[in-house]
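Visitor: I'll drop the sequence and a predicted model, then ask my questions.
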Amino acid sequence: MTHIVVLGGGIVGISVALSLQKDGHAVTVIEPAQVGQGASWASCGCIAVGEVVPLSQPGMLRQVPKWLLDSEAPLAVRPATALRMLPWFLKFAANSTEQRMRAIAADLAQLTFQATADFKSQMAEYGVRDMLIERPIIKVFDGEADKATMGGAFDLAREMGCTIDDISGAEAHEIDGAIAPDFRYASVLRDWSFVADCVRLVQQLHTAFEARGGRVVATSARGFKRETHAVTSVVLDTGEEVSADEFVLAAGTGTKALAADLGVTLPIEGLMGYWTGLPEPQVDLKHTVFYPAGGFGITPHENTLAVAGTIEIASLGAKPNWRRADVLVERARRVLPGLNTANPERRIGRRPFVPDTRPVIGRPAALGNVVVASGHGQLGLTLGATTGRMVSDIIAQRATNTDMKPFSPDRF
Ligand SMILES: Cc1cc2nc3c(=O)[nH]c(=O)nc-3n(C[C@H](O)[C@H](O)[C@H](O)COP(=O)(O)OP(=O)(O)OC[C@H]3O[C@@H](n4cnc5c(N)ncnc54)[C@H](O)[C@@H]3O)c2cc1C
């Protein structure tokens, strides 16, 4: 029996671990945090099928001064980190041409359109069938200018096969009475769905993994022991060494340091997002609703209403700016009049982001027994189950119908 160590137990790591376990391998997960508290716990919870347009887009460079100056904007850059992150920014900027944007969108489309089927089969297998809420999401717009900023992204997503219906704001209110009636425009993204609770999802997958004989070691990995082309063991913070036949780096933003220890350079940064759970919202929202002007979404999870989103580019260890979370909650009242914001619970998540917005899934050529599964950016929840299946296919050397070259860890 092959023994495989998976580093990281967020949505990606645990999905990989379950797929490998299903293939008959003995699997150990190394995860220092309380289960589900990486980026995964701050997610909006959407299975974002067709969210294919990368963050790097034509015209983006003109926006940079605004991102630096307004710390409350939906997309902001911490000035203090701008210099340190310059190499990352330059790579990011290189991906902002029309041609690159279209190529990346096509690559992301081939992954996201597999996501719902993979997620459903994961749910059926591990007893979390109640997790998926199959309702489309709604985006709302105050006016023409607002809608125009999303227009190009919608056209490209449609071109890639996504179903997006443009409706009036009044029609959005008819579909979901909690949404304010006075938006001018709205769009319904029909391929999307959302999960009932992101943390419960990750926790239940961990429970299923352990019930099937999987081992979870509650500490951090700090490095590796290796021979020329293969890793022999991972060294944990406790000093313990765990040897294995294969190693999967699925530690979200932590993957960067682990890969560096193996001589593999991955330009992963943690793009911060803020999440506020409102336990007594006093509005009966049935759909996830996105307000692009504010850069956030609102999802009716089973025990709380989550207001989450925005992107803050800051270095990996940067402290949260909680004012950003408060601004989201204030703006959420524009979308849901009457929203009760009492007793908020605030979280921060660091999306593991690479400059071309495509996840990193594959074997580095220099290492025969290591697979990377990270860099999922704003799509980790969406692509967790798909990534799990792909990693187990790579390790089993099974042929797939997905071109994996665009996701190679050697592309940077
Ligand atoms: C505000 C916000 C909204 C979002 N909305 C969505 C959405 O609607 N849909 C969607 O698909 N995605 C969304 N995302 C993105 C999604 O949350 C991430 O892409 C996803 O959680 C990444 O999963 P992961 O398992 O790779 O990383 P994580 O969840 O961060 O898990 C990585 C784990 O690795 C562990 N780790 C780190 N270092 C080490 C080490 N050295 N050794 C061992 N373990 C280690 C960490 O403790 C952590 O638990 C959102 C993110 C944010 C912040």
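Guide: Sure thing, it's come through. Numbers count the residues shown, from 1 in each chain.
Visitor: The longest helix seen in the chain near the ligand anywhere?
Guide: Of all the segments of type helix in the chain, defined by DSSP state H, the longest one is helix 98-125. No: using CB under 6 Å from any ligand atom, no contact is recorded between helix 98-125 and the ligand, whose separation bottoms out at 8.3 Å. To be clear about C-beta, it is placed using only N, CA and C from the backbone, and glycine gets the same treatment.
Visitor: How far off centre is that helix?
Guide: The gap between where helix 98-125 is centred and where its chain is centred comes out at 12 Å by CA atoms, centre = their mean, to the nearest Å.
Visitor: what do you get for stretch 229-241?
Guide: Average the C-alpha atoms of stretch 229-241, do the same for its chain, and the two points are 27 Å apart (CA atoms, centre = their mean).
Visitor: any idea of the mean pLDDT for that stretch?
Guide: Along stretch 229-241, the predicted local confidence has a mean pLDDT of 95.
Visitor: Span of that stretch from start to end?
Guide: Stretch 229-241 stretches 19 Å from its first residue to its last (CA to CA, to the nearest Å).
Visitor: now do stretch 286-296
Guide: Separation of the first and last residues of stretch 286-296 by CA to CA is 17 Å.
Visitor: That stretch vs the ligand: in contact?
Guide: No: looking at stretch 286-296 against the ligand by CB under 6 Å from any ligand atom, there are no contacts, and the closest approach is 7.9 Å.
Visitor: residues of that stretch that come out buried?
Guide: Judged by neighbour count using 16 or more other CB atoms under 10 Å, the buried positions of stretch 286-296 are His287, Thr288, Val289, Phe290, Tyr291, Pro292, Ala293, Gly294, Gly295, Phe296.
Visitor: host element of Ala93?
Guide: Counting by DSSP states H and E, the element that carries Ala93 is helix 86-94.
Visitor: when you compare where that helix runs with where helix 98-125 runs, what's the angle?
Guide: Computed by axes from the mean of the first three to the mean of the last three CA atoms, to 10 degrees, the angle separating helix 86-94 from helix 98-125 equals 100 degrees.
Visitor: so what does helix 86-94 touch, helix or strand wise?
Guide: With contacts defined as 3 or more CB pairs under 8 Å, 6 or more residues apart in numbering; DSSP states H and E, helix 86-94 has no packing partner among the helices and strands.
Visitor: quick one: contacts for the residue in the stretch 201-350 of the chain positioned nearest to the ligand?
Guide: Nearest residue of the stretch 201-350 of the chain to the ligand (CB to the nearest ligand atom) works out as Gly254 at 2.2 Å. Listed by CB atoms under 8 Å, 6 or more residues apart in numbering, the contact partners of Gly254 are Leu7, Gly8, Ser220.
Visitor: Apply 10 Å and report the result again.
Guide: For Gly254, the residues meeting the contact criterion (CB atoms under 10 Å, 6 or more residues apart in numbering) are 7-8, 10, 32-33, 38, 220-221, 268, 270, 316, 350, 352, 374.
Visitor: Is it located within a helix, as I assumed?
Guide: Yes: under the criterion used here (DSSP: H, G, I helix; E, B strand; the rest coil), Gly254 sits inside a helix.
Visitor: From Pro32, how far off is it?
Guide: Taking CB to CB, to the nearest Å as the measure, Gly254 and Pro32 are separated by 9 Å.
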